[in-house]
Each structure stands twice: as C-alpha cells, then as structure tokens.
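Undergrad: Please find the sequence and the predicted model below.
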Amino acid sequence: MIFIPGGTFRMGSDKHYPEEAPAHRVTVDAFWIDRTPVTNREFRKFVNATGYVTFAELKPDAKDYPGALPHMLKAGSLVFMPPKHAVDTRDWSRWWNFKFGADWRRPCGPRSSISGLDDHPVVHVAYRDAEAYAKWAGKELLTEAEWEFAARGGLDDAEFAWGDELAPGGRQMANTWQGVFPHENLKIDGYERTSPVTAFPPNGYGVYDMIGNVWEWTADWWSAQHEADAPKACCIPENPRGGPEAASLDPCQPQIRIPRKVLKGGSHLCAPNYCRRYRPAARHAEPVDTSTGHVGFRCVVRKGKSPM
C-alpha cells in the first residue's frame with residue numbers, strides 16, 4: 001500500500017459534467033491506499049480462502065426483480081460488445097450485452113478465461129463483492145473524497161492525474177479509448193480491453209491506474225451534484241440519500257429501484273467523443289446490484305490502523 005498524507009484540496013469541477021459541480025474544498029485525513037486496483041491474482045486468493053461466490057455467479061431472486069422476464073433470471077454480467085459501425089451513443093444497449101455465464105473468471109462469457117491476466121484488474125464485481133474482499137483483507141473501500149485526493153497525486157485542480165494535457169508529447173498516460181467510440185478502437189495505448197495494473201506511469205503519490213483501465217467502486221452513495229460544503233471525507237453516509245438520484249430506474253422495469261454508489265476514475269471505454277471521464281473529478285452512478293467488464297475496485301486503510 002501507499003501512504004497518502006492528509007490535506008485539503010479542491011474536489012470536483014465546474015468545467016465538465018454537471019454532476020461534478022460545484023468544485024469545493026475538502027479536507028481528508030491521512031490514509032493508506034492500495035498501490036493498484038485489486039487484481040485477478042489477489043481476488044483469486046480471496047475466493048480460494050473463503051469460498052466466496054460473486055454476485056454475477058448467482059441466479060437473481062425473482063422477488064428482488066418484480067416483473068422481470070423469467071428467461072433473464074440467470075447468472076451473468078454485462079460484457080462490452082463493440083458494434084461494427086457507428087451507432088447512437090445515447091443507447092448503451094448497442095454495445096453492452098448481458099451474457100449468461102460471464103463473471104470474474106470468465107470476463108467475456110462462458111468460453112473466455114483470465115489465463116494470462118493475473119496482473120489485470122478483477123472485473124465483474126458488484127459492490128457487495130468489493131466490500132466482502134475489503135473486509136477479508138482487513139481494509140475498507142475508499143470514500144469518494146479519499147479516492148479523488150489520492151488520484152490527483154498532489155496536483156490540486158489539474159484536469160488529469162498527471163497535469164493538464166491528456167497525452168503529453170503524444171504519450172498515453174492511461175488505458176482509455178482512442179478512436180470513435182464504440183465501434184472504432186485504434187488501440188494507440190496498446191490495449192483493447194483491460195491492461196496490467198502497472199502498465200502506465202504512477203501518479204505523484206506513486207499510485208497506479210487511478211485513471212482509466214477500470215472504474216472503481218467507492219463507499220459513497222450517489223448524489224446528482226456535490227454538496228457545496230462537503231462533510232469530512234472519512235465520514236461515510238450510513239444510508240442512501242433520499243430522492244430519485246439515490247436509486248436507478250431500470251428502463252425495462254421502471255418499478256425496480258436500485259440504490260447506486262459512486263464510481264471513480266473512468267475506464268478503457270472512456271473516449272473523447274463519448275465519455276470524457278478519465279479525470280480525477282469525474283464521477284458516475286452505478287447500481288449496487290450491477291457488475292460489468294469495466295468496473296473494479298481498490299481498498300484503503302485509514303489513520304490509526306496499520307496496513308497488513
């Protein structure tokens with residue numbers, strides 16, 4: 001783990017997506033953060049030690065999804081499947097496919113595997129899976145403020161984790177999308193999907209992969225905007241915030257309301273023409289019962305405790 005000194009920083013942004021506003025000053029205590037996202041190798045150790053079964057490996061309970069089509073109540077997860085031509089980017093169903101049998105061991109479906117991907121971030125983990133791993137490891141999930149403070153690497157108010165230029169001198173600093181999303185992936189950074197967690201340079205604190213590769217779960221419940229006067233970063237809300245922003249509405253089953261947590265960091269699917277969220281200030285809402293091929297996590301040990 002990497003030690004992050006506490007401090008006050010400017011969180012959020014008034015220059016990009018509305019959910020990142022308002023930019024505001026936040027103070028965080030010192031903490032230890034995982035040097036990289038949790039990898040397939042590390043997650044396998046957890047599963048082997050505990051027999052844990054991830055959310056994507058379990059058949060959904062019909063009572064939790066009233067009105068759901070019976071044939072869809074099978075174990076699986078969302079897999080990115082690029083279309084062969086340009087599509088309406090307002091319709092995410094054109095590239096996300098719920099595949100039965102997709103999970104952390106089989107990230108692209110039943111016939112795939114993580115052979116040779118030990119150093120890639122684990123994916124297809126729902127929020128409860130990340131929480132379970134963190135508890136087993138004697139750690140916790142980061143708050144959004146802790147995550148953003150660590151991602152900035154000491155560069156307060158810079159657009160990216162490494163400065164104000166996306167690719168300084170033409171150098172790719174993170175695993176993001178080059179080309180026109182979702183059908184044209186130029187792979188200038190060398191990767192089509194996930195990459196090894198140390199494939200790109202660390203930030204100013206020595207932490208890897210805070211930007212791109214995979215989105216990362218945080219402990220914070222989603223809100224449509226930041227509070228102007230944010231609470232102390234170590235104070236995690238105990239319950240979801242009220243109002244429609246605290247739950248997602250399934251477009252196919254609008255009667256199902258699922259609480260959402262904040263994701264940070266962007267992923268290998270973030271592109272200039274679609275999702276410019278490869279920045280520390282960027283944030284995204286994710287239903288707690290959802291797992292996908294571009295979401296992972298890392299952990300924290302807070303002040304007063306020692307990392308293992």
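TA: Great, that's in hand. Here the structure is a predicted model, which is why all the values come from computation and not from measurement.

Undergrad: contacting residues for the residue lying closest to Lys59 once chain neighbours are set aside?
TA: Counting by Cβ to Cβ, 6 or more residues apart in numbering, the nearest residue to Lys59 once its immediate chain neighbours are dropped is Ala75, at 5.2 Å. In this view, the C-beta of every residue, glycine as well, is placed from N, C-alpha and C. Counting by Cβ atoms under 8 Å, 6 or more residues apart in numbering, Ala75 touches Ala56, Glu57, Leu58, Lys59, Pro60, Phe100, Gly101, Asp103.

Undergrad: Strands - which of these land there?
TA: In this view, the contacts of Ala75 that belong to strands under DSSP state E are Phe100.

Undergrad: what about the helices in the stretch 101-250 of the chain?
TA: Ranges of helices within the stretch 101-250 of the chain are 127-136, 144-152, based on DSSP state H, counting those that start in this stretch.

Undergrad: Pick the most buried one from the ones you listed.
TA: Among the helices of the stretch 101-250 of the chain, helix 144-152 has the highest mean neighbour count (mean count of other Cβ atoms under 10 Å), at a mean of 26.

Undergrad: Look up how far Gly6 lies from Ala281.
TA: 19 Å (Cβ to Cβ, to the nearest Å).

Undergrad: One more: Pro196?
TA: 30 Å.

Undergrad: neighbour count winner among the two?
TA: Neighbour totals were compared for Pro196 and Gly6, and Pro196 leads with 18 against 14 (other Cβ atoms under 10 Å).

Undergrad: just to revisit the earlier point, the contacts of Ala75 into TSV, with extra columns for distance to Phe43 and pLDDT?
TA: Shown next, in TSV, are those (distance: Cβ to Cβ, whole Å; pLDDT from 0 to 100):
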residue	distance to Phe43	pLDDT
Ala56	12	98
Glu57	13	98
Leu58	16	97
Lys59	21	94
Pro60	22	88
Phe100	21	97
Gly101	18	97
Asp103	11	98
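
Undergrad: Quickly name whichever of the contacts of Ala75 is closest to Arg111.
TA: For the contacts of Ala75, the residue nearest Arg111 by Cβ to Cβ is Gly101; the value is 8.6 Å.

Undergrad: wait, what's in contact with that closest one?
TA: By Cβ under 8 Å, 6+ apart, the contact list for Gly101 reads Ala75, Gly76, Gly109, Pro110.

Undergrad: Those residues, buried ones only, as a ChimeraX selection?
TA: A single ChimeraX command selects the buried members of the contacts of Gly101 (16 or more other Cβ atoms under 10 Å):
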select :75,76,109
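
Undergrad: and which of the contacts of Gly101 is nearest Arg257?
TA: Within the contacts of Gly101, the smallest distance to Arg257 is 21.4 Å, found for Gly76 (Cβ to Cβ).

Undergrad: Residues in a beta bridge with the closest one, which ones?
TA: Beta-bridge partners of Gly76, counted by DSSP bridges, are Phe100.
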